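Colleague: Build me a structure from this.
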Amino acid sequence: MEFEPVIGLEIHAQLKTQSKIFCGCSTKFGASPNTHTCPICLGMPGVLPVLNRQVVEYTIRMALATHCAIAGVARFARKNYFYPDLPKGYQISQYELPLATGGWMEIEGAQGPRRIRIHRIHMEEDAGKLVHDEYQPLSYVDLNRTGVPLIEIVSEPDIASPEEAASYLRAIREVLRYLDICDGNMEEGSMRCDANISLRPAGTIGLGTKVELKNMNSFKNVQKGLEFEIRRQKVMLERGEPIVQETRLWDTGRNVTVSMRGKEESNDYRYFPDPDLTPVEVGEEWIEQIRAALPELAEAKRERFASEYELPAYDARVLTSSRSLADYFEAAVRHFPRPKPLSNWIMSELMRQLNRADREIEDCQVSPQNLAELLHLLDSGVINGKIAKTVFEEMFTSGESARAIVDAKGLLQVNDQSEIETAIDLVLSENPREVSRFRAGEDKLLGFFVGQVMKKTRGKANPQIVNDILKTKLNG
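Modeller: Numbering: from 1, shown residues only. Sure thing, here's the model as predicted:
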């Protein structure tokens, strides 16, 4: 029997607020353990939470960007469970009345565009963190993260493959980053993903017994975890073994899922409205103010880049993969109004250097204006392509302008035909065998001669002039 997977994702995104959701403690990552805490986020008796207004605004931004309906009234609830990193013994979340419902995201599936429905987006506080000792059976509790604001984005079970799950997760991350409400850093835990997956006979509409997967901290691990779980469940179903509803962890070392606990149902958490927090009322005027301030999102920007700058769809997608990269391109194109050559340089040289240095575009020392200056020097024949790449590497390291590097190192392109001809004559006299072979029909040797001439001129000769003179002399 053939089986097909049914997948839904629950994505937790940490919001980029300066303070926590119900108190004034800092949300900054990396502080010493238990230094960003107070009686409110520690749940001391007699304290009262106060809702951070910016958390609501950021949640509305995400709701509008994903086509959700926003509730006029939303309510916080207490989700009751015991774990050592949960000091209150409950988590403040939302249950019956979330802030947003009924949205969607479009992704590129195997058969073309696919719409993944969003069941709900709600606000909640994060729990703390357990740090396990490597050398003895002890765990330490760090409560800095307790009370950090999250939104949970819950999809419908519309995802049909691990590849689609990774694509949907990337699309959600892209929107969060464009809205500037979450940095999307999965390694630091500011964006986390749980997946619910079941198998059913191919072509049917029912749902199988679902299993929840946790601890998948990258797009690759989400895809690999789901692929393993599909194989595991398929083998069990083919053997006639029942699938157990449970929560499983993805073991990145062994590339397997392992059982963690039985899967809880909502009634296991004994949700009830939080008596310390009043309902959240959201007026249409505030919603429209937030809507009017939304930035241009990636999909709209891609379409605009393709039409306004006449870029191929691939270029437009790469350049809009982050808001910062798209802004960089637009800043540079104002100084060097040749979009396609500029796009080529950003996608090749700039992104190669960023990847090599493990940096983001925000940390790039080459300003858009300096990149534009370099391309002007190349375009006008002041330097050649090889020199331009050398200059760019130094620009990336030092942050200096292209002109300053070219002038300081004497890298101006040699366009003087007599000077180039002298170098060519020297190369031909030093390589008589290669000259004979070329004239006997080995045309590929032209590249050898060009390389030798470039060495003689320290890479500064105009390649076009070199080629033209070489062909004349070798064919003469």
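Colleague: in the stretch 301-450 of the chain, which segments are predicted with low confidence?
Modeller: Residue ranges of the stretch 301-450 of the chain with pLDDT under 70: 411-416.
Colleague: what do you get if the cut-off is 90, keeping everything else the same?
Modeller: Along the stretch 301-450 of the chain, the parts satisfying pLDDT under 90 run over 380-387, 406-430, 432-447, 449-450.
Colleague: now the stretch 51-200 of the chain
Modeller: 82, 108-113, 134, 185-189.
Colleague: Show me the protein divided up by domain.
Modeller: Per automatic domain parsing, the structural domains of the chain span 3-286, 296-409, 417-474.
Colleague: now those as JSON lines including mean neighbour count?
Modeller: Heads up, the C-betas are built off the backbone N, CA and C, glycines and all. Listed next are those as JSON lines, based on neighbours: other Cβ atoms under 10 Å:
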{"stretch": "domain 3-286", "mean neighbour count": "17"}
{"stretch": "domain 296-409", "mean neighbour count": "17"}
{"stretch": "domain 417-474", "mean neighbour count": "15"}
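Colleague: If you count contacts, what does the strand ranked longest in the chain end up packed against?
Modeller: Longest strand in the chain by number of residues, with DSSP state E as the criterion: strand 112-125. The helices and strands touching strand 112-125, judged by 3 or more Cβ pairs under 8 Å, 6 or more residues apart in numbering; DSSP states H and E, are helix 53-65, strand 90-93, strand 100-109, strand 149-155, helix 162-179.
Colleague: how about those, which one is nearest residue 468?
Modeller: Minimum separation from residue 468 across these (Cβ to Cβ) falls at strand 100-109, 45.7 Å.
Colleague: Now render the helices and strands packed on strand 112-125 as a markdown table, adding distance to residue 3.
Modeller: Shown next, in a markdown table, are the helices and strands packed on strand 112-125 (distance: least, Cβ to Cβ, whole Å):
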| stretch | distance to residue 3 |
| --- | --- |
| helix 53-65 | 34 |
| strand 90-93 | 33 |
| strand 100-109 | 19 |
| strand 149-155 | 21 |
| helix 162-179 | 14 |
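Colleague: Residue 79 is nearest to which of the ones you listed?
Modeller: strand 90-93 (4.5 Å).
Colleague: Any idea how far that closest one is from the middle of the chain?
Modeller: 29 Å (Cα atoms, centre = their mean, to the nearest Å).
Colleague: What of stretch 285-293?
Modeller: Put simply, stretch 285-293 sits 27 Å off its chain's centre (Cα atoms, centre = their mean).
Colleague: from here on, count from 81
Modeller: Sounds good: first residue 81 from here, last item stretch 365-373.
Colleague: Let me see the mean pLDDT of it.
Modeller: Stretch 365-373 comes out with an average pLDDT of 97.
Colleague: Dump it to CSV, keeping only the CA atoms.
Modeller: This file holds the C-alpha atoms of stretch 365-373, laid out as CSV (Å, rounded to 0.1, in the frame of the first residue of the first chain):
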residue,chain,number,x,y,z
GLU,A,365,-8.3,52.3,13.6
TRP,A,366,-5.2,50.7,15.2
ILE,A,367,-5.2,47.8,12.8
GLU,A,368,-5.3,50.3,9.8
GLN,A,369,-2.5,52.3,11.2
ILE,A,370,-0.4,49.2,11.5
ARG,A,371,-1.4,48.1,8.0
ALA,A,372,-0.4,51.4,6.5
ALA,A,373,3.0,51.2,8.1
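Colleague: Look at residue 446 and tell me its secondary structure.
Modeller: coil (DSSP: H, G, I helix; E, B strand; the rest coil).
Colleague: Please settle this for me: is residue 484 part of a helix?
Modeller: Yes. Checked against three-state DSSP, residue 484 lies within a helix.
Colleague: how far away is it from residue 450?
Modeller: The spacing between residue 484 and residue 450, counted by Cβ to Cβ, to the nearest Å, is 9 Å.
Colleague: who are the neighbours in contact with the closest residue to residue 518 other than its chain neighbours?
Modeller: Nearest non-adjacent residue to residue 518, counting by Cβ to Cβ, 6 or more residues apart in numbering: residue 525, 4.5 Å away. Counting by Cβ atoms under 8 Å, 6 or more residues apart in numbering, residue 525 touches 514, 517, 518.
Colleague: what are the phi and psi angles of residue 525?
Modeller: phi -70, psi -10 (degrees, to the nearest 10).
Colleague: do you know how far it is from residue 209?
Modeller: Applying Cβ to Cβ to residue 525 and residue 209 gives a distance of 64 Å.
Colleague: repeat for residue 361
Modeller: Taking Cβ to Cβ as the measure, residue 361 falls 33 Å from residue 209.
Colleague: Then residue 445?
Modeller: For residue 445 relative to residue 209 (Cβ to Cβ), the value is 34 Å.
Colleague: for residue 202, same thing?
Modeller: From residue 202 to residue 209 the distance is 22 Å (Cβ to Cβ).
Colleague: what does residue 457 give?
Modeller: Residue 457 is 51 Å from residue 209, by Cβ to Cβ.
Colleague: Now for residue 323: which residues touch it?
Modeller: Listed by Cβ under 8 Å, 6+ apart, the contact partners of residue 323 are 278, 279, 288, 289, 291, 313, 316, 317.
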